[in-house]
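Engineer: Sequence first, predicted model second:
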Amino acid sequence: MRDLTLAWRRRSDVFTSVIFFVIVASLFPLGIGPEGKLLLAIGPGVVWVAALLASMLALSRLFAADYADGTLEQMLIGAAPLPVVVIAKVIAHWIAANLPLVLIAPLLGLQYGLPADALLVLALALALGTPSLSLIGAIGAALTLGLRGGGVLLALLVLPLYAPVLILGSLAVEAVGAGLSAQPYLLLLAALSVAALSLAPWAAAAALRISYE
Amino acid sequence: MLEVIDLACMRGERTLFRGVSFTLAARGLLHVAGANGSGKTSLLRIVCGLGLADSGEVRWGGEATRTLREAYWREVLYLGHAHALKDDLTATENLQVANALAGRPVTRAAARDALAAFGLEACLNLPVRALSQGQKRRSALARLALAGAMPLWILDEPFAALDVAAVADLEQRLLGHVDGGGSVIFTTHQPASISGRITQRIDLDAFEPGVGAVC
């Protein structure tokens, strides 16, 4: 709740990652030109990669401010178990940084000439897949806390782990284009998010304690 | 009751202190003294469970704090160098957040009263970034006004940046907590007028082996 209020007070931060997403996803049609077939083929993948990068861009902010001003210390010795605090922070982070991406993605998909049902699946796949991005990213953000050059290291740590989500996410949209059902891919994405939810908060909490000790 | 048994702390190659033991019962007021860099903050962080000791143990009520964890942290109030204040929130919101994290949620009115008790009536609705250093320190310390039920207060340099009147206020508050059955550990470099009431004193300079051998 507090993180959401804070995110609202610093709206510019949220907008940066959304605008980043929009610009990256829009550059491709501009660069490739109006070749409908090609755009249609790369559309889902490009939108997913852009969402991945935008989501990662926001990750470094997940713990950094709390670390700098000492609030994280109080969370570490707070009354609630640390993994619960991590879950709360990740949820707030997801709402502030990833939900806008999910909502705006169908608009970007239009640029690639994706049909309506594919747009719907794209948004659905992002909604199911991005929670696992935030959760996996939380581990990386906790591990790189307080390191110099942590941003680059964070990308190196986290991006390989994002690969399964990316593959499943763009496959789901392409399946619709090929006239197949996207359901198996969506279910797998949801499964990944649930698995991440059950493991990542504990890993991130342990990483936070290590950062402090 | 807090028992600290044979604590040692290393920073890299250098031993900050070793063999630190003390027992702090209810109504105890412990002053941790020592030169800059002698490990006062490290000792306090280890005692409150943020830091890891290289050897030794901290016990609360006879049980190791590393196994008690949340049960111990519910009873401890730690205020460190960092104020744990969010620049974009008001002092009142910050105080409510801090208490919620400590598992003792307070109402807005209670938070405002606590801040008023620390002389911040005029800045209740200002974002913290607009406050001065001393006012920030006061709004961090305002947690003390709501923490009477927490038996152990661990305060790192609580008197820093405070004016004379605020120092006197804070001293009365510490004594009040001790008289009410709580215990307090604090560090300070200022000659405190409550020194007569200090029940225990630890000088970390005395625990540093091989003084002058390393930088």
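Structural biologist: Arrived safely. Residues are numbered from 1 along each chain as shown, chains lettered A, B, ... in the order given.
Engineer: tally of neighbours for the closest residue to residue B:179 other than its chain neighbours?
Structural biologist: Of all residues not flanking residue B:179 in the chain, residue B:27 sits nearest, at 7.3 Å (C-beta to C-beta, 6 or more residues apart in numbering or on different chains). In short, each C-beta sits where N, CA and C put it, glycine included. Applying other C-beta atoms under 10 Å in any protein chain shown, we find 14 residues neighbouring residue B:27.
Engineer: Buried residues of the strand or helix carrying residue A:157, list them for me.
Structural biologist: Per DSSP states H and E: residue A:157 is located in helix A:150-177. Within helix A:150-177, the residues that qualify as buried by neighbour count (16 or more other C-beta atoms under 10 Å in any protein chain shown) are A:150, A:154-155, A:157-158, A:162, A:165-166, A:168-177.
Engineer: Provide a list of residues in contact with the residue nearest to residue B:179.
Structural biologist: Going by C-beta atoms under 8 Å, 6 or more residues apart in numbering or on different chains, residue B:27 touches B:178, B:179, B:181, B:182, B:183, B:199.
Engineer: Make a markdown table out of those and add neighbour count and pLDDT.
Structural biologist: Compiled in a markdown table, those are given as follows (neighbours: other C-beta atoms under 10 Å in any protein chain shown; pLDDT from 0 to 100):
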| residue | neighbour count | pLDDT |
| --- | --- | --- |
| B:178 | 20 | 86 |
| B:179 | 10 | 86 |
| B:181 | 10 | 85 |
| B:182 | 22 | 86 |
| B:183 | 21 | 87 |
| B:199 | 14 | 79 |
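Engineer: which pair in these spans the largest distance?
Structural biologist: B:181 and B:199 (13.4 Å; C-beta to C-beta).
Engineer: now residue A:144: how far from chain B?
Structural biologist: Using C-beta to the nearest C-beta, to the nearest Å, one gets 19 Å for the distance from residue A:144 to chain B.
Engineer: what about the residue nearest to residue B:179, which SS state?
Structural biologist: Secondary structure, DSSP: H, G, I helix; E, B strand; the rest coil: residue B:27 is coil.
Engineer: got the phi/psi numbers for it?
Structural biologist: Residue B:27 adopts backbone torsions of phi 70, psi 20, taken as degrees, to the nearest 10.
Engineer: again, but for the one 4 residues further on
Structural biologist: Backbone torsions of residue B:31, given as degrees, to the nearest 10, read phi -100, psi 120.
Engineer: who's in contact with residue A:144?
Structural biologist: Contacts for residue A:144 (C-beta under 8 Å, 6+ apart) come out as A:60, A:150, A:151, A:153, A:154, A:157.
Engineer: Quick one: residues contacting the last one.
Structural biologist: By that I understand residue A:157. A:140, A:143, A:144.
Engineer: Which members of these are positioned in helices?
Structural biologist: Among those, DSSP state H puts A:140, A:143 in helices.
Engineer: which SS state does residue B:202 fall under?
Structural biologist: Secondary structure, three-state DSSP: residue B:202 is strand.
Engineer: I'd say it and residue B:38 touch.
Structural biologist: No - counting by C-beta atoms under 8 Å, residue B:202 stays clear of residue B:38, with 10.5 Å between them.
Engineer: lowest-confidence helix or strand of chain A?
Structural biologist: For chain A, counting by mean pLDDT, DSSP states H and E, helix A:2-9 ranks last in confidence among helices and strands (a mean of 56).
Engineer: Now do the contacts for the residue nearest the centre of chain B.
Structural biologist: Residue closest to the average C-alpha location in chain B (C-alpha atoms, centre = their mean): residue B:155, at 1.5 Å. By C-beta under 8 Å, 6+ apart, the contact set of residue B:155 is B:78, B:79, B:174, B:184, B:185, B:186, B:187.
Engineer: which stretches of chain A form helices?
Structural biologist: A:2-9, A:11-32, A:36-59, A:61-69, A:71-76, A:82-93, A:99-111, A:116-143, A:150-177, A:183-212.
Engineer: List the buried residues of the lengthiest helix in chain B.
Structural biologist: For chain B, the helix reaching the highest residue count under DSSP H is reported as helix B:164-179. By neighbour count on 16+ other C-beta under 10 Å, the buried set for helix B:164-179 is B:166, B:167, B:169, B:170, B:171, B:173, B:174, B:177, B:178.
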